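Q: Pasted the sequence and its predicted model underneath.
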Amino acid sequence: MASLYRALKAAAILAWSAFVVAPFLWALTTSFKTANAVTSGPTYLPWLQYQPSLEGWRVLFRSYGQGIDIVGPYLSSLFVTVTASAVSLVLGTLAAYGLSRYTYRLGFLGNGDITFFFISQRIMPPIVLAIPFFLLLKFLGLLDTELGLVIVYVALLLPIAVWVMVDFFNNIPREVDETAMLDGCTPVETFWRVILPNCKPGLVVAGLFCIVFGWNDFFFAFTLTFTNTQLLPVAIVALNSSVTPWWSLSASGLVSVAPLVGVAVVLERYLSRGNLAGAIR
Amino acid sequence: MLRSRHLFLLPGLLALLAIILFPLLFTIRVSFSSWDVVLHAMDFIGGSNYARMMRDTRFWESLVRLVAMSAISVALEYVLGFALALLVWRDLRFKRFFRVLFLVPMMTTPVIMTVIWRTILHESLGPANHLLGLLGVAPVPWLSQAGAAAASVILVEVWQWTSFMFLLLLAGLLSLPREPFQAAAVDGAGPVRTFFSVVFPMMAPITIGALIIRLIEASKMMDSVYVLTQGGPGTATETSSYYIYIRGLRDFQIGYASSLSLTYLVIMIVSLTIVAKVLGRALLGRS
């Protein structure tokens, strides 16, 4: 009975693992195919079933026209994601600390309502914002620029940073602040010298969430940029046309999702330590 | 007077207000105008856009479809995500390896993975039909037949987002206190009883949170639709966001699309609030 239970458990885990890994393995093998190997039907094993070629990978680094040039979009994506995440993290952490420690009144609105206002922005469907953002950035002359996207992404990521950090600060006892104040720290010094150094887990988790959701956004990059600025997902999806080069599509897809696997490793570490629980309740 | 406590809240609050408030007010105003590709003007045509919307069956059908597809996806994600979280919760060899592996899909860019799924589901050149063929299953028209196309979108959504549900539920499981389990073990409760009378009730608040978070995200469903089926065949997989995108940023009927977006937003907020209340009452026994 116990061994049957364990066998079923192992089978379930392996089945889901296979489902998770399947698209990556398929993309990996496809990335070494030529046009002929793709159009002759699905094959899986290089050398045995088809002659592998590095063409799919080589075109990624050629200039636009002869290839796809993935380096430019890669750097743009990196810049936009990191900048927007950093801004959101700073603004979000400050706001979350304030909301956790002080009492605010905005007319009839209290702390709970303000926190809800921040977090509720996640409910906003991108399409609702896309049209006005398009016209706003056009008015500001920021359409098709990286700065324009950074501004839009801050609106997207700030709620995530506030969501994670408010809960994190709520779990730090107020006595910590009070002791520091008694020792003569101003509120700003208390935050900077006493609270912030103890916040690394919260900051890492909030930062990672910002990076994941920033790096993975497609819709705003797609609607608000055209030729001057191109982010990675847009560049790759642009390959998805009637005659799709499956090989370079697979190669570029793998290159672009690879760094995020590292995020999963770090996030698992914090998860296993139990740093993630409270925010969901 | 500006005190130091304001230094904490105001920068973030003002930034968000500045970025969000203009689009929202603008959308409300534009929804009462006939702004389109010909006439770029903020005229006032009263409620004509809203009257047109009431007759626009394509919009209402897209809403029904969105509700059905997101409800099915989130339900599947919840059941699978909970099962996976339970599997890697306690003693297991290579536990942390599998936890990382199960987290990977939510980290990867949805549109890029969807493009790869599109090659997998290709009807003649993709491995899905090939492998099913080896098992003697007839080729499935994954993307060209209405029902199968909707199922394909759900399949991709489930692949992508079960890991997010898994993350939230595993974080919840890991935060549970140990004593109730020891008590259950002392009482001789088996794994099934322990689950239904200890784990599930204790996980109720996390279940509600996780379901709501995923429903919010699923209600925006459009990237996977855009890449996989472009709403097709016909309008079989067209979600509300995608339909509004077609009207607004492809046909450039800014005025009409704005009235659709506002309606969509209000319907989403109202229905998600109701869902949260109902779930709260059902699982926590309070309103």
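A: Happy to help now that I have it. Numbering: from 1, shown residues only, chains lettered A, B, ... in the order given.

Q: Run through the helices of the stretch 101-250 of chain B in chain order.
A: B:110-120, B:127-134, B:146-174, B:179-186, B:191-194, B:200-202, B:204-218, B:223-228, B:240-245 (DSSP state H, counting those that start in this stretch).

Q: could you redo those as a markdown table and give each row distance to chain A?
A: In short, each C-beta sits where N, CA and C put it, glycine included. Formatted as a markdown table, the helices of the stretch 101-250 of chain B follow (distance: least, Cβ to the nearest Cβ, whole Å):
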| stretch | distance to chain A |
| --- | --- |
| helix B:110-120 | 4 |
| helix B:127-134 | 4 |
| helix B:146-174 | 4 |
| helix B:179-186 | 15 |
| helix B:191-194 | 8 |
| helix B:200-202 | 12 |
| helix B:204-218 | 4 |
| helix B:223-228 | 5 |
| helix B:240-245 | 4 |
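
Q: With mean neighbour count and mean pLDDT added, can I get those in CSV?
A: Below are these laid out as CSV (neighbours: other Cβ atoms under 10 Å in any protein chain shown; pLDDT from 0 to 100):
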stretch, mean neighbour count, mean pLDDT
helix B:110-120, 25, 92
helix B:127-134, 16, 89
helix B:146-174, 22, 93
helix B:179-186, 12, 84
helix B:191-194, 12, 83
helix B:200-202, 15, 89
helix B:204-218, 20, 91
helix B:223-228, 25, 90
helix B:240-245, 26, 93
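
Q: What residues of the longest helix belonging to chain A count as buried?
A: In chain A, taking DSSP state H as the definition, the longest helix is helix A:71-101. For helix A:71-101, the neighbour count (16 or more other Cβ atoms under 10 Å in any protein chain shown) marks A:72-74, A:76-77, A:79-89, A:91-101 as buried.

Q: Same check on stretch A:262-270?
A: Buried, per 16+ other Cβ under 10 Å, within stretch A:262-270: A:263-264, A:267-268, A:270.

Q: Next step: those residues restricted to helices.
A: Per DSSP H, these map to helices at A:263-264, A:267-268, A:270.

Q: Could you find the lowest-pLDDT member of those?
A: Ranked by pLDDT, these bottom out at residue A:270 (83).

Q: isn't that residue right up against residue A:201?
A: Yes: the pair residue A:270 / residue A:201 is scored as a contact, 5.7 Å apart, by Cβ atoms under 8 Å.

Q: Let me know the pLDDT of residue A:17.
A: 95.

Q: any idea how far it is from residue B:99?
A: Using Cβ to Cβ, to the nearest Å, residue A:17 is found at 11 Å from residue B:99.

Q: Which one's more surrounded, those two?
A: residue B:99 (24 against 15; other Cβ atoms under 10 Å in any protein chain shown).

Q: Backbone dihedrals for that one, both of them.
A: phi -60, psi -50 (degrees, to the nearest 10).

Q: show me what contacts it?
A: Listed by Cβ atoms under 8 Å, 6 or more residues apart in numbering or on different chains, the contact set of residue B:99 reads A:268, A:271-272, B:88, B:170.
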